[in-house]
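**Q** no sequence on this one, just coordinates:
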């Protein structure tokens, strides 16, 4: 090979290398753009999926919160009913104790009255018997 042919070959080879670098650079840029676009779409899809999952989780969490609130309301209502029932029972017990005490007082008073009447009658009967005996003794 002579120097002209070598120079032409080297020039052609340089041009081929330059074109390859240009094509490689262009392909790399297109690939970068395509990868960036795919990554953006993938990221948007992941964000959408996460957002949807987040909404589902939030919805389930809200349901749990409502269930807990309803349970707490039920417990509160049960406690109020229990307190009310206890107060009612205590009030009935107090009323019954008062009634028992009043009945005991009346029974004791009635017993005293009965004893007093019986003693009065016994005294009256004894006095009548003595008068009858005295009258009978005089008449004899």
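**A** Done, it's in. Note that the structure is a prediction, hence the values are computed from the model and not measured.

**Q** Contact partners for residue 37?
**A** Residues near residue 37 by CB atoms under 8 Å, 6 or more residues apart in numbering: none. C-beta: built from backbone N, CA, C; applies to glycine.

**Q** tell me the phi and psi of the most centrally placed residue in the chain?
**A** Centroid-nearest residue in the chain, with CA atoms, centre = their mean: residue 72, separated by 2.2 Å. When read as degrees, to the nearest 10, the backbone of residue 72 gives phi -60, psi -40.

**Q** if you go through this structure in chain order, where are the helices?
**A** 3-138 (DSSP state H).

**Q** Show me the shaky parts of it.
**A** 1, 140 (pLDDT under 70).

**Q** what about 80?
**A** 1-2, 139-140 (pLDDT under 80).

**Q** And residue 136, how close does it get to residue 129?
**A** Residue 136 sits 10 Å away from residue 129 when distances are taken as CB to CB, to the nearest Å.

**Q** ditto for residue 93
**A** 52 Å.

**Q** again, but for residue 137
**A** Taking CB to CB, one finds residue 137 at 12 Å from residue 129.

**Q** With residue 39 instead?
**A** 130 Å.

**Q** and what of residue 36?
**A** Counting by CB to CB, the gap from residue 36 to residue 129 is 135 Å.

**Q** Before I go, just wanted to say thanks for your time.
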